[in-house]
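Asker: what follows is a predicted structure for the sequence shown.
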Amino acid sequence: MMPDKNPAPPTIAITGASGRLGGETARLLAAEGIPLRLVLRDASRAPGLPGTTTAVAGFGDPGACRRALEGIGTVFMVSAAESEDRLQQHFTFIDAAMEAGVEHIVYTSFAGADPDATFTLARDHFATEEKLRETGAKFTLLRNNFYADILPDFADRNGVIRGPAEDGRAAFVARSDVARVAAAILQQPIPHAGFTYNLTGPEALTLAEAAAILTEATGRQLSFHNETVEEAYASRAHFGAAAWQLDAWVSTYTAIARGELAKTTNDVELLTGEAPLSLHQLFSQPLN
């Protein structure tokens, strides 16, 4: 049989395709032979995947976003990088998607998204969810817990994770599990319209427990030191970060302390047919 000289144009777009979550989701779909349009800010960083085309657009550029999404039915909207104007970027992108005729947006939100959430950035996620509801378009919300992959990055050069998390627990989720969920939904989005999924790992851990697991799995000696809120702000002051960023860093830990990230679900397994990775499994895997 001769190869199709005119393959079907993509109807799925993935934002953040040069990043880890968007990139992994794109790889999973491309491996299934699904044509994709990869939307990213820098075309030179596009992953070289078969059956994909690229479009250059930042969330804050309405014209570029509108052009990038023309002809697209479903968008995987990976939340923008943390910034003071991230919420405005989200609103701009969503408006552009509606103008381009997008029918369904799958959005990476955050566990416990709420206007009064302790984790300050979860408030922006809630506001983005509300914006999606106001459009009248189809949407699916992936409320991800904190990514397990970045836990080692919480530690300082001495291997100490510092913050006011007390004995609170979080159900850290592997980024690869979120990608698997996203890929499954994007292939058949209609049954998931209007649904919110809470994506977690299989267990809720204290940071002391997480440090012990990471020590065993990686061989790097890690530990947890509980700070007061005042100590947490003081120990981060030398970074010279803006107030909103400091609040986000510190509230990462206070949200854990207050139990707002402790709930586990079986949504990953329900949507993919496979149980989510535990922290130990994630860091015991051979590197790709």
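Answerer: All right, it came through fine.

Asker: and stretch 135-148, what's its mean pLDDT?
Answerer: Taken as a whole, stretch 135-148 has an average pLDDT of 97.

Asker: buried stuff in it?
Answerer: Buried residues in stretch 135-148, defined by neighbour count with 16 or more other CB atoms under 10 Å: 137-148. C-beta coordinates here come from the backbone N, C-alpha and C atoms, glycine included.

Asker: tell me which of the residues you listed fall in strands.
Answerer: Those of the buried residues of stretch 135-148 mapping onto strands are 138-144, per DSSP state E.

Asker: my read: L40 touches V56, true?
Answerer: Yes. Between L40 and V56 there is a contact under CB atoms under 8 Å: 6.8 Å.

Asker: more neighbours: those two, which one.
Answerer: A side-by-side neighbour count of L40 and V56, using other CB atoms under 10 Å, places L40 first with 23 against 16.

Asker: which of the ones in strands among the buried residues of stretch 135-148 sit farthest apart?
Answerer: K138 and N144 (19.8 Å; CB to CB).

Asker: can you list contacts of stretch 216-226?
Answerer: Stretch 216-226 is contacted from outside by 152, 155, 159-166, 206-208, 210-212, 214-215, 279-280, 282-284, using CB atoms under 8 Å, 6 or more residues apart in numbering.

Asker: any idea of the mean pLDDT in that stretch?
Answerer: For stretch 216-226, the per-residue pLDDT averages 96.

Asker: distance from the chain centre to that stretch, please.
Answerer: 24 Å (CA atoms, centre = their mean, to the nearest Å).

Asker: quick one: the helices in the stretch 51-200 of the chain?
Answerer: Assigned helices in the stretch 51-200 of the chain, in chain order: 62-68, 86-100, 120-135, 175-187 (criterion: DSSP state H, counting those that start in this stretch).

Asker: in a markdown table: those, plus distance to E274.
Answerer: Output for the helices of the stretch 51-200 of the chain, formatted as a markdown table (distance: least, CB to CB, whole Å):
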| stretch | distance to E274 |
| --- | --- |
| helix 62-68 | 32 |
| helix 86-100 | 30 |
| helix 120-135 | 26 |
| helix 175-187 | 7 |
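
Asker: tell me which of those helices is the most buried.
Answerer: helix 175-187 (a mean of 22; mean count of other CB atoms under 10 Å).

Asker: got the angle for that one vs strand 138-144?
Answerer: The directions of helix 175-187 and strand 138-144 differ by 170 degrees, with axes from the mean of the first three to the mean of the last three CA atoms, to 10 degrees as the criterion.

Asker: how about residues contacting helix 175-187?
Answerer: Against helix 175-187 from outside (CB under 8 Å, 6+ apart): 12, 14, 20-21, 24-25, 28-29, 32, 34, 74, 76, 106, 108, 140, 142, 144, 147-149, 192, 197, 199, 201, 267-268, 271-272, 274, 276-277, 282.

Asker: middle-most residue in this protein, spatially?
Answerer: T108 (5.1 Å; CA atoms, centre = their mean).

Asker: my read is that that one contacts H90, right?
Answerer: No. At 10.8 Å, T108 does not count as touching H90 under the criterion of CB under 8 Å.

Asker: who are the neighbours in contact with F172?
Answerer: 145-148, 151, 200-201, 205, 210, 279.

Asker: once you drop chain neighbours, what's closest to it?
Answerer: Nearest residue to F172, sequence neighbours excluded (CB to CB, 6 or more residues apart in numbering): A148, at 3.8 Å.

Asker: swap in P35?
Answerer: Using CB to CB, 6+ apart, the closest residue to P35 is P10 (4.1 Å).

Asker: give me the distance between the two termini of stretch 15-34.
Answerer: 16 Å (CA to CA, to the nearest Å).

Asker: my error: substitute stretch 198-212 in the last question.
Answerer: OK, stretch 198-212 end separation, CA to CA: 26 Å.

Asker: and it, how far from the chain's centre?
Answerer: 17 Å.

Asker: buried ones in it, by neighbour count?
Answerer: Buried-residue list, stretch 198-212, by 16+ other CB under 10 Å: 198-208, 210-211.

Asker: if I read this right, H192 contacts T140, doesn't it?
Answerer: Yes. Taking CB under 8 Å as the definition, H192 is a contact partner of T140 at 4.5 Å.
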